[in-house]
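Visitor: Sequence and predicted structure, then a few things I'm wondering about:
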Amino acid sequence: MKGADVTPMVEVTDLAVAFREAGHTTTVLDGLSLRVARDEVVCLLGPSGCGKSTLLRCLAGLRAPDRGEVRLRGEPVAGVPDGLGVVFQDYGRSLLPWSTVARNVDFGLPADLDRATRRARTAQALEAVGLADAAARRPGQLSGGMQQRVAIARALARRPDLLLMDEPFASVDALTRADLEDLLLRVRREYAMTVVLVTHDIDESIYLSDRVVVLSPRPAAVVADLAVDLGGDRDQITTRESHAFVHLRARAASLLRDGSDAPEPAQDTV
Ligand SMILES: Nc1ncnc2c1ncn2[C@@H]1O[C@H](COP(=O)(O)OP(=O)(O)OP(=O)(O)O)[C@@H](O)[C@H]1O
């Protein structure tokens, strides 16, 4: 009998990246290793400037590391891999302002797809993000949250098995952010994707993920790998109030602050 495929979706080994500018070298990553299993949602949580985006760019094949290796589905990354969706924070710059919403989504599809398939995938992705009625509008006619939904639809239309997100909800207001977080939890199941999401928001990292990888200040190293046992059905109010969530938040905050883990609180204090 053939066993289940246990090849990790993402395997990063001993990654090092440095930037050299005007005779000055900034070491951003130095010996970072990380694994993400298929269908997992993992948040990379780290302080500003620690190298989160650089790590994500290495995963996306947008930057070659100076040392070490990135493998996706067991294959070394060399250039932008197939089966990948990417969503960045700055939706304003990632959408084409003169094109309709539908065209913006279609724009992300491989050139060799036939017209009927393109239309079907675009319609399905817009439906998934609740924008079926906005297909003919232009980005400038939409709110920030709606524009970010278009960016997510564009990634989904590619039917990625790996979605990389770089602070995707950092530019929208708190209520819209909560809606987009719940949208991600839903589409992650519908599209059966592995998700790697970069954030410096502790609550968001716990709410969204199966695992939070806490990174140190630059050069980013893995400080802790926190399993998030909150179940699949999450709710913005009750999940965030739960004992497990509150304790994970304290642990992540302490690890981010000085690398120390917070002790389990006594039951009568919560
Ligand atoms: N192309 C580049 N050239 C020179 N330095 C760079 C370049 N890209 C990033 N850096 C530097 O590398 C460091 C890490 O940047 P990176 O964007 O990866 O961090 P980050 O953790 O994502 O930060 P933030 O949370 O603030 O977005 C920063 O000091 C940044 O200035």
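Guide: That came in fine, so what should we check first?
Visitor: Show me which residues of the protein sit near the ligand.
Guide: 19, 21, 26, 28, 46, 48-54, 200, 218 (CB under 6 Å from any ligand atom). Yep, even glycine has a C-beta here, placed from its N, CA and C like the rest.
Visitor: Those residues in strands, which ones?
Guide: 19, 21, 26, 28 (DSSP state E).
Visitor: Widest-spaced pair of those?
Guide: Using CB to CB, the two most remote members of these are 21 and 28, lying 12.0 Å apart.
Visitor: For the residue most central in space within the chain, give me its contacts.
Guide: Central residue of the chain (CA atoms, centre = their mean): residue 197, 2.1 Å from the mean position. Residues in contact with residue 197 (CB atoms under 8 Å, 6 or more residues apart in numbering) are 41-44, 164-166, 168, 184, 205, 208-209.
Visitor: The helix or strand in which it is found pairs with which strands?
Guide: Assigned by DSSP states H and E, residue 197 falls within strand 194-199. Strand pairing for strand 194-199, using DSSP bridges, gives strand 41-45 (parallel), strand 162-166 (parallel).
Visitor: Can you tell me which of these is most buried?
Guide: strand 41-45 (a mean of 26; mean count of other CB atoms under 10 Å).
Visitor: How about residues contacting that one?
Guide: The contact list for strand 41-45 (CB under 8 Å, 6+ apart) reads 36, 52, 55-56, 188, 194-202, 204-206, 208-215, 252, 256.
Visitor: make it 6 Å
Guide: 36, 52, 188, 195-199, 205, 208-214 (CB atoms under 6 Å, 6 or more residues apart in numbering).
Visitor: May I ask which two of those are separated the most?
Guide: Counting by CB to CB, the most remote pair of these is 188 and 214, 21.2 Å apart.
Visitor: ok, residue 172 touching residue 144?
Guide: Yes. Taking CB atoms under 6 Å as the definition, residue 172 is a contact partner of residue 144 at 5.0 Å.
Visitor: Compare neighbour counts for the two and give me the winner.
Guide: Of the pair residue 172 and residue 144, residue 172 is the one with more neighbours under other CB atoms under 10 Å, namely 20 against 13.
Visitor: Identify the residues contacting that one.
Guide: Residue 172 touches 144-145, counting by CB under 6 Å, 6+ apart.
Visitor: let's see it at 10 Å
Guide: Contacts for residue 172 (CB atoms under 10 Å, 6 or more residues apart in numbering) come out as 89, 91, 143-148, 178-180.
Visitor: Pick out the most distant pair among the residues of the chain next to the ligand.
Guide: Pairwise distances among the residues of the chain next to the ligand were taken by CB to CB; the largest, 23.7 Å, belongs to 21 and 200.
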